[in-house]
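Asks: what shape does this take:
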Amino acid sequence: MKTIGLIGGMSWESSLEYYRIINEQIKEKLGGLHSAKSLMYSVDFDEIEKLQHQGNWKDATKLMIDAAKRLEMGGADFIVICTNTMHKMADEVQRNIKIPLLHIADATAEKIKAKGLKKVGLLGTKFTMEEDFYKGRLIKKYGLDVLIPNENDRQIVHDVIYQELCLGKINHSSKKQFIRIINNLVKDGAEAVILGCTEIPLLVQQKDVKVLLFDTTRIHAETAVEYSLK
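Replies: Got it, this is the predicted structure:
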């Protein structure tokens, strides 16, 4: 079993889900008292969030590279960044370490392609929905047609993530808004919707909507387990 290196804390609520899913999957696959070999370097998300909204991606990248190097030196065999947004600097992180980094968008796109789907909706932070590092990767590398909500709804999703979900707050009114936004993406032609922020599954689950949801937290965690057992 390979040792999984997890860069967590963005937020710790979703990092907790990574740890739970990874260990549940290892136990399911190997049985008995088995659990995952893993290391987690957990950042202070307040520091990261400020850099994100200041547009200071240079210093944010330095923090991610530092975290990855610490995990590499600690004995991790590969790296998992436990958040979608911070994959903005995934390529730069990979260039600064000698061990593989499992990209969350790649893991998700492979699942989408396996279902034979072409047009998908994307929810996440405004950085994830609007910038090229994530959406562009899905389009250029995997040939997917990616839809995002309108500007007003993108702001709603972004605000709920940072002002509620990252603080562990689950509000029914926000859940109704997300379901409405998901249904609008379906009306626009989305065959499925990517929950492209690791906190969103804390608010919306498959049972809440008819359209197929791709939970990036679970997909990424399960991909890490598969890789660790190769």
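Asks: C-alpha from now on. contacts and neighbour counts both.
Replies: Will do.
Asks: Met40 and Ala60, how far apart?
Replies: 18 Å (CA to CA, to the nearest Å).
Asks: so which of these two has more stuff around it?
Replies: Higher neighbour count among Met40 and Ala60: Met40, with 23 against 20, using other CA atoms under 10 Å.
Asks: now the more buried one: phi and psi?
Replies: Main-chain dihedrals, Met40, degrees, to the nearest 10: phi -130, psi 130.
Asks: checking the spatially closest residue to it that is not a sequence neighbour next. Helix, strand or coil?
Replies: Counting by CA to CA, 6 or more residues apart in numbering, Met40 lies nearest to Leu6, which is 4.5 Å off, once chain neighbours are set aside. Three-state call for Leu6 (DSSP: H, G, I helix; E, B strand; the rest coil): strand.
Asks: Leu6: what's it in contact with?
Replies: Ser38, Leu39, Met40, Tyr41, Leu71, Ile79, Val80, Ile81, Cys82 (CA atoms under 8 Å, 6 or more residues apart in numbering).
Asks: at 6 Å instead, please
Replies: Leu6 sits next to Met40, Ile79, Val80 when contact means CA atoms under 6 Å, 6 or more residues apart in numbering.
Asks: out of those residues, which is nearest to Asn56?
Replies: Val80 (22.1 Å; CA to CA).
Asks: neighbours around Met129, how many?
Replies: 25.
Asks: what helix or strand does it sit in?
Replies: Secondary structure from DSSP states H and E places Met129 in helix 126-130.
Asks: and for that helix, what are the contacting residues?
Replies: Thr85, Tyr134, His158.
Asks: which phi and psi does the residue most central in space within the chain have?
Replies: Closest residue to the average C-alpha location of the chain: Asn84 at 3.5 Å, with CA atoms, centre = their mean. Here is the backbone geometry of Asn84 (degrees, to the nearest 10): phi -80, psi -50.
Asks: look up how far His172 lies from it.
Replies: Taken as CA to CA, the span from Asn84 to His172 is 24 Å.
Asks: and Val160, by the same measure?
Replies: Distance from Val160 to His172, by CA to CA: 11 Å.
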